[in-house]
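In: Could you look at this predicted model? Sequence included:
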Amino acid sequence: MEKKFRNYIHVWEIEGFINIEKKFKESIKNQLLLKYSSYQKTSRIIGKITGASLSYFLRKENSYMRINNLFRLTNALKIPKNVVERKIIKYRDHGAQQPFSIRFPFKINPLIIRVIAHIPGDGNIRKDGFARWIQKDTRPMKILLKKLGFPIKISKSRSVCIPRFLVKVICVSLNLQPRDLNSSKLIETIMKLPRHYQVQTILALIEDEATIDVNHYGIINIRLTKKYLIEPYGKLCDSLGYKRSNIIKKSNTGFGKGSIIYQFGIYAEGIRKLNKDYKVIIRNFGNIGGLWKKDNTLRKRCKQALTKKAIKDSEGREITKNILDLLNKYDALRVKELCDLMKTDDYNRIYDRVKYLNKTARIRRITYGKYALI
């Protein structure tokens, strides 16, 4: 049975080291000594943990224990798991890592998906879950991670480590392996999530891999060298209703000149829909949830996409498609018949479009007022 997405993760579902509240440590220590009389005897009975480790963890306020070992101990004392995880105050991935404050169950939100969604673009990930994002300016990512509660040092470094904790909880939540986070499987899985999660994934894609043509009322052009990624990204745009072009294969003329790239573009109609989602994202998550270095460019292009000219051009493309589809179906039609089939009384606009299609040799006039496909 396929595992469904959950927006919360329990601590016992991941690996790592945790610290718990001081009073809770005291309570565990008292129960343990009452039941087993000593740390050494406890170690012999429950296994895996030495008496010295038990003593150090329970007596030292700033000490950590492996998650599975803590639950081996609390299970022996019959302390409910949900009670234990509510007493957790800090987590760290391994002994050398800086710990951070956290509460469980851990909530997954769209901004966490945003962090992970940068891995297929300008990021990379190892099979052990170590992930890195590389950009000229990594400050926005560091600000986002800091907002999410992770201890990140703001610097001018061109790479930033994505906390392995986030990789772990996302893999549990989406039923994926770390290697899947740089594959089509991640995008296909995100397509099943609520809209905010999908939009954050597209924003990560635009931030890392898109060019936005403002000067010529152009499309938002997505370019990738990985065919296995471009196709699911296109489907994700379709899922969100962002009208786009077909995917094409071409020779790269920019960085990596001569290599093959794959691309598609989001049309003005799709940009208008993206603009609506973008406003909701900014309202709910603030500017850090939007685009970073491309925010102003997107806003300008969205504004253009809302002009009368852009809307009229979009409507014109739709009319053209309908005319060609009808001529393909009925072989030959008069303008009045086209209007009737399209359920419109705007005869002049349909006639103008028919004249344009005839002039550009996409249809032909077969008799007075009657047209067919070429």
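Out: Right, received. Where do you want to start?

In: buried ones in stretch 265-278?
Out: Of all the residues in stretch 265-278, those buried under the rule 16 or more other C-beta atoms under 10 Å are 265-275, 277-278. To be clear about C-beta, it is placed using only N, CA and C from the backbone, and glycine gets the same treatment.

In: actually stretch 280-291, sorry about that
Out: For stretch 280-291, by 16+ other C-beta under 10 Å, it's 281, 282, 285, 288, 289, 290, 291.

In: Contacts for it next, please.
Out: Identification of contacts with stretch 280-291 by C-beta atoms under 8 Å, 6 or more residues apart in numbering yields 110-111, 114, 140, 143-144, 147, 196, 199-200, 203, 206-207, 278, 295, 297-298.

In: and the gap between residue 17 and residue 81?
Out: 17 Å (C-beta to C-beta, to the nearest Å).

In: Comparing these two, which residue is more hemmed in?
Out: residue 17 (19 against 13; other C-beta atoms under 10 Å).

In: Next up, the contacts around the nearest residue to the more buried one once chain neighbours are set aside.
Out: Among residues not flanking residue 17 along the chain, residue 64 sits closest, at 4.0 Å (C-beta to C-beta, 6 or more residues apart in numbering). Going by C-beta under 8 Å, 6+ apart, residue 64 touches 17, 18, 19, 57, 90, 92, 95, 99.

In: Mind pulling up the pLDDT for residue 64?
Out: Listed pLDDT for residue 64 reads 95.

In: Which positions in whichever strand or helix holds residue 26 come out as buried?
Out: Using DSSP states H and E, residue 26 maps to helix 22-36. By neighbour count on 16+ other C-beta under 10 Å, the buried set for helix 22-36 is 24, 25, 27, 28, 29, 31, 32, 36.

In: One more: stretch 190-202?
Out: Quick answer for stretch 190-202 (16+ other C-beta under 10 Å): 190, 191, 193, 196, 197, 198, 199, 200, 201, 202.

In: Need the residues you listed in CSV (columns: pLDDT, secondary structure and distance to residue 360).
Out: What follows is the buried residues of stretch 190-202, written out as CSV (pLDDT from 0 to 100; DSSP: H, G, I helix; E, B strand; the rest coil; distance: C-beta to C-beta, whole Å):
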residue, pLDDT, secondary structure, distance to residue 360
190, 96, helix, 40
191, 96, coil, 37
193, 96, coil, 43
196, 96, helix, 42
197, 97, helix, 42
198, 97, helix, 37
199, 98, helix, 37
200, 98, helix, 41
201, 97, helix, 38
202, 97, helix, 33
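
In: I'd like the C-alpha coordinates of the helix holding residue 26 written as CSV, please.
Out: Output of helix 22-36 as CSV, limited to C-alpha atoms (Å, rounded to 0.1, in the frame of the first residue of the first chain):
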residue,chain,number,x,y,z
LYS,A,22,16.2,18.3,33.0
LYS,A,23,13.2,17.4,35.2
PHE,A,24,12.3,14.5,32.9
LYS,A,25,15.9,13.1,33.2
GLU,A,26,15.5,13.2,37.0
SER,A,27,12.2,11.4,36.7
ILE,A,28,13.7,8.7,34.5
LYS,A,29,16.7,8.3,36.8
ASN,A,30,14.5,7.9,39.8
GLN,A,31,12.3,5.3,38.1
LEU,A,32,15.3,3.4,36.8
LEU,A,33,17.1,3.2,40.1
LEU,A,34,13.8,2.2,41.8
LYS,A,35,13.2,-0.6,39.3
TYR,A,36,16.7,-1.9,38.6
